[in-house]
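S.K.: Using only what follows, build the 3D model:
(one chain, ligands or ions: 1)
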Amino acid sequence: MATTKQFYLFGEDPSTCRDIELPSDLDQADQQAGQEDLKHVIAQHFGIVERSGISFTSNNQHLSSVSDVLVTSEPIAILIDGNKVREVPGPKGLPYFGNYLEVYPDHLGNHQRMFNTYGPLFKTTNMGRTVYQTNDPALASIVFAESEFFSKLINQDHPLFPIKNKQAGVFLGDTDTEEWRVAHKFLPPAFGPKAVRHYAPTMQLTVEDAFKVFDELDQRNEAWNVYPYMLKLGAQAVGKLVLGIDFRHFTSVDAPPHELVLLIAESLTINKKISSRGAWYAALPFGDPARLRVISKRVEEYLEESVANAKSGGVEDLDLQEAAIKAENMVDYAVRATDSKGNKLPKTSLKEALLVATGAGFTTTSSLLSWLIYGLVTYPKMQDRLLQELIDHDFDENTQITAEFTNELTFLDHYIKETQRRHNPSFQPGRTALRDLILPGGYKLPEGSVVIPALHHIHNNPAIWDNPALFNPDRWDTDAVKGRHKAAYIPFATGPRSCIGFNFALQEIKVFLPKLVYRYKFEREDVHQTVEYDPMFQLIRPNDLYVRATRRTEWPGKTTKQQVTEKEGCRYVRGEHSFL
Ligand code: HEM
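M.R.: All right, here's what the predicted structure looks like:
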């Protein structure tokens, strides 16, 4: 016969206890299985995400077995990880503004101070918009998992709310939609490692085409602002390979970014502003919200044009995998790719999804390229080590870069990883609680709460990373880093809604950076000037980083056997080698 017991969350008043019917065969099963079943029932009732953290107490007595629970007639308190449940902490804030003035403008620095004060999960409200931030990889994994507890559901509190677009399916749409399922079936094959490999020659031509502009700036002895040029470079590649459009960004030193690029960048700036100010601002019939609507319309027109004019590698329909490796670009892919039932990506989704992939593609890669150049001119020896690795792999200006070649470049890989750890462009992917729930640590979250795994703060969490402020690519060779939590480094997020373009991004960078480093020596124009990130942009990008890129006329020789031996010796002495 089923028994009913009263349970409540430890930390709440016992009067909140609920009658819960327990399965009749609980104590007949073996202890372990009975415990599991009991915790399962309780977790379901109270929305407890990790049932392994549940334990029970009544009248100050720990109830260690199912039989203890069954014989208790008093209300039973549920502990989470041995503790009380609790509200998520956070700064109190001012009326109306909430925590806005404590968060902005330096949201990275201020959020770090809040992690120091409140621990791994805290809550802020900015002008009526409440979000929760975490720097804990274990919580981030839960939040990103797309489960009964969390999903990408872009509600009013979500950072992407002002540019939410259901039709896009990916990035700007909720997970639980037909649009996401369709886009997510068709797009990923075009971004898989094999598919992306066949774009390497176009990526190489793109950066080589930009040389004439950087050469001219060198001849003029001029320093240049890195982000605007990297925006043009990143967008040039994505324009060609995603939309099949040549943005003509390197026809001259002053060639302006294509209007589509400017519109997308502007929409991200406006979005950050609107989302940091809350729902009242988004509802204004004039100003930024009105401008956002004008931008969307104009962008739509461009997209229609690009689909109509897409360069095609052929006319026949192809299955998804074949289309991915034969297509000239992603518009061509999306028009021809056909699933096993003969379905294609619907026209409405096609335009929006490709537009979003374009925006997601160039805004991120241009910021990352800028930070990679920042690293060259800021962190000692990086440029020399990258160049030396190229020389040691027989790289020269005629090398055709392939994925096989870049796979051999270990230092390049570690340099990129360390740059994404310290300066990742994306920082605030949000997921929404689908029900009232309790997280590990006993944190209570109401349904609809938007939790942001704060990528920058996870990547710089001193509990995970040894000396996180130190830029050290060699840490990627250590056992400590190899054995870290799987969500301790997630520059592209993780889970079903993570980045589908990461192969594309990494390959592009592994083509661009060697080409640039081999041809130019980069130097900071003013070593004393502080470079700041732009706090009012949807991504982390550097403002006012000016560099001189001087064409190289000499290169170092290959590392000799003796130098290799000496280097290995030093690594033994420093204790970096895995034998020690
Ligand atoms: C450094 C480069 C990049 C970084 C750091 C990055 C990062 C991310 C992150 C963190 C997400 C999750 C967003 C969220 O949860 O709200 C994401 C999603 C996405 N990214 Fe990237 N990304 C990069 C490059 C690219 C490129 C090159 C493309 C395409 C050309 C791309 C296309 C996408 C798309 C379509 C999604 C949405 C996937 C979905 O909604 O299911 N990304 N990216």
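S.K.: which residues sit in contact with the residue in the stretch 251-400 of the chain positioned nearest to the ligand?
M.R.: Nearest to the ligand in the stretch 251-400 of the chain, going by Cβ to the nearest ligand atom, is residue 361, at a distance of 2.8 Å. C-betas here are computed from N, CA, C, even on glycine. Under the criterion of Cβ atoms under 8 Å, 6 or more residues apart in numbering, the contact partners of residue 361 comprise 234, 238, 242, 501, 504, 505.
S.K.: Return the distance of the host helix or strand of it from the chain's centre.
M.R.: Counting by DSSP states H and E, the element that carries residue 361 is helix 347-378. Centroid separation between helix 347-378 and its chain, computed with Cα atoms, centre = their mean, to the nearest Å, is 12 Å.
S.K.: per-residue pLDDT, the closest residue to residue 120 other than its chain neighbours?
M.R.: When the adjacent residues along the chain are set aside, residue 120 lies closest to residue 136, with 3.9 Å between them (Cβ to Cβ, 6 or more residues apart in numbering). Here, the pLDDT recorded for residue 136 equals 98.
S.K.: from memory residue 136 sits against residue 458, does it?
M.R.: Yes - at 7.4 Å, residue 136 counts as touching residue 458 under the criterion of Cβ atoms under 8 Å.
S.K.: measure the residue nearest to residue 120 to the ligand for me?
M.R.: For residue 136, the distance to the ligand under the criterion Cβ to the nearest ligand atom, to the nearest Å works out to 17 Å.
S.K.: Beta-bridge partners for residue 123, please?
M.R.: Counting by DSSP bridges, residue 123 forms beta bridges with residue 132.
S.K.: Tell me which residues touch residue 526, please.
M.R.: By Cβ under 8 Å, 6+ apart, the neighbours of residue 526 are residue 546.
S.K.: Tell me the secondary structure at it.
M.R.: coil (DSSP: H, G, I helix; E, B strand; the rest coil).
S.K.: Then residue 247?
M.R.: Using three-state DSSP, the secondary structure recorded for residue 247 is coil.
S.K.: Could you check how far it is from residue 350?
M.R.: For residue 247, the distance to residue 350 equals 20 Å [Cβ to Cβ, to the nearest Å].
S.K.: same question, residue 197
M.R.: Distance, residue 197 to residue 350, by Cβ to Cβ: 24 Å.
S.K.: okay, the two: which has more neighbours?
M.R.: A side-by-side neighbour count of residue 197 and residue 350, using other Cβ atoms under 10 Å, places residue 350 first with 23 against 15.
S.K.: name the element residue 549 belongs to?
M.R.: Short version: residue 549 belongs to strand 546-551, going by DSSP H and E.
S.K.: nope, residue 78 is what I was after
M.R.: Remark: residue 78 resides in strand 76-80, with elements defined by DSSP H and E.
S.K.: pLDDT of that strand, averaged?
M.R.: Computed over strand 76-80, the average pLDDT equals 98.
S.K.: Given the next helix or strand after it, what are its sheet partners and their directions?
M.R.: Proceeding N to C from strand 76-80, the next assigned helix or strand is strand 86-87, under DSSP H and E. Partner strands and pairing direction for strand 86-87 (DSSP bridges) are strand 443-445 (parallel).
S.K.: Follow the chain on from the partner strand and name the next helix or strand.
M.R.: As assigned by DSSP H and E, the chain's next helix or strand after strand 443-445 is strand 450-453.
S.K.: Give me the distance from that next one to the chain's centre.
M.R.: Its chain's C-alpha centre lies 12 Å from the corresponding centre of strand 450-453 when counted by Cα atoms, centre = their mean.
S.K.: For it, name the packing helices and strands.
M.R.: Identification of packing neighbours for strand 450-453 by 3 or more Cβ pairs under 8 Å, 6 or more residues apart in numbering; DSSP states H and E yields strand 129-134, helix 137-144, strand 431-433.
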